[in-house]
Every structure is written in C-alpha cells, then in structure tokens.
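*Asks:* Sequence plus the predicted model coming up.
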Amino acid sequence: MKTHLHLLWLALLITACGNQDMSGTAVEKDITGTWAIHQIYANDYWGGALSWRDATLDKQIRFSADLKYYSKTDKDFQLIGTYKKASEEQIEITWNAPTTPEYPTYLQHFEFDTDGYLILPTGTYEGIVAEKYKLIKR
C-alpha cells in the first residue's frame with residue numbers, strides 16, 4: 001500500500017511539473033508597421049486537412065502610426081481604411097470606401113505567434129483560413 005502511494009505521488013508530481021504550456025506566450029503585441037505575407041493556413045479541397053504552407057503571393061499590409069490600414073498586392077499600397085484597437089485580440093477597421101454603406105466597420109481578430117508573426121484569420125473555414133505575416137519595417 002505504501003508503495004502505491006509513493007507511485008501515485010510521483011506520478012502526480014511528474015504530470016504537474018511537465019504540464020506547463022508555454023505556447024500561449026506571445027513575443028509581439030504591436031501591429032504598427034509593414035508586414036509581408038509569409039505563410040497561409042489552408043486546405044486544397046473542401047473538407048481537406050488545413051496546414052501552414054509558404055505563401056506564393058506577394059502581399060503586404062501596413063498599419064501606420066496615424067491609424068491607417070493599407071494593403072499592397074500589385075504595385076503600391078492602397079488605403080483600405082482606418083483602424084483602432086478594440087481589444088488585445090481585435091482591431092476595428094472602418095472601410096475607406098465601404099461596398100455596403102450600412103456596414104462601414106468590421107472587427108478583425110489578430111494574434112501573434114511565439115516567433116512574433118502576425119496571424120490574421122480570413123473569416124472562412126475552407127480555402128485560405130488564415131494568413132501569417134512577418135514584420136519587415138516598423
């Protein structure tokens with residue numbers, strides 16, 4: 001009986017010490033700067049497994065210090081709108097030229113991984129689900 005208690009105590013001690021998850025530790029918190037797409041989280045077909053893969057497109061986004069949001073896929077940056085931080089994980093974007101005037105703003109979730117990459121979900125569950133950006137200029 002005493003051996004079982006010692007084994008139980010040892011098992012509890014090992015699992016308590018080994019279960020410290022550091023994956024939620026973020027390196028970055030500031031979205032201000034110019035970001036280049038690094039990877040996409042996507043699947044190849046409806047219902048297929050999602051995985052991170054290198055991005056093949058040349059896309060950049062910029063969150064300026066004067067709270068303007070820009071996107072660049074071709075030649076130069078285009079103004080998308082303005083932004084403000086709504087919480088530690090969301091920004092509120094106000095379209096510069098909304099396609100639906102009744103909805104000029106939307107909330108964009110964002111997060112940083114442990115390597116400092118900015119991750120932006122696309123709002124879909126198939127195809128490209130999220131984009132990962134690398135900071136190239138502050």
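*Replies:* Perfect, I can see it now.
*Asks:* Show the average pLDDT along stretch 87-96.
*Replies:* In this model, stretch 87-96 has an average pLDDT of 97.
*Asks:* my bad, should have said stretch 111-131
*Replies:* Mean predicted confidence for stretch 111-131 is 96.
*Asks:* And that stretch, what's buried?
*Replies:* Neighbour-count burial for stretch 111-131 flags Glu111, Phe112, Tyr117, Leu118, Ile119, Leu120, Ala130, Glu131 (criterion: 16 or more other CB atoms under 10 Å). (Each C-beta comes from the backbone N, C-alpha and C, glycine too.)
*Asks:* How far does that stretch sit from its chain's centre?
*Replies:* Averaging C-alpha positions (CA atoms, centre = their mean, to the nearest Å) puts stretch 111-131 4 Å from its chain's average.
*Asks:* now the end-to-end length of it.
*Replies:* 11 Å (CA to CA, to the nearest Å).
*Asks:* before we move on, the earlier item: between the buried residues of stretch 111-131, which is nearest Ile40?
*Replies:* Glu131 (5.6 Å; CB to CB).
*Asks:* Surely that closest one touches Ile37?
*Replies:* Yes. Counting by CB atoms under 8 Å, Glu131 does reach Ile37; the two are 5.7 Å apart.
*Asks:* Which residue would you name as the spatial centre of this structure?
*Replies:* Closest to where the C-alpha atoms of the chain average out (CA atoms, centre = their mean) is Ile119, at 1.7 Å.
*Asks:* pLDDT wise, what is Gly24 at?
*Replies:* The predicted local confidence for Gly24 is 48.
*Asks:* what's near enough to touch the residue nearest to Pro98 when sequence neighbours are not counted?
*Replies:* Using CB to CB, 6 or more residues apart in numbering and skipping the chain neighbours, the partner closest in space to Pro98 is Pro104 (4.5 Å). Residues near Pro104 by CB atoms under 8 Å, 6 or more residues apart in numbering: Thr94, Trp95, Pro98.
*Asks:* gap between Pro104 and Ala49?
*Replies:* For Pro104, the distance to Ala49 equals 37 Å [CB to CB, to the nearest Å].
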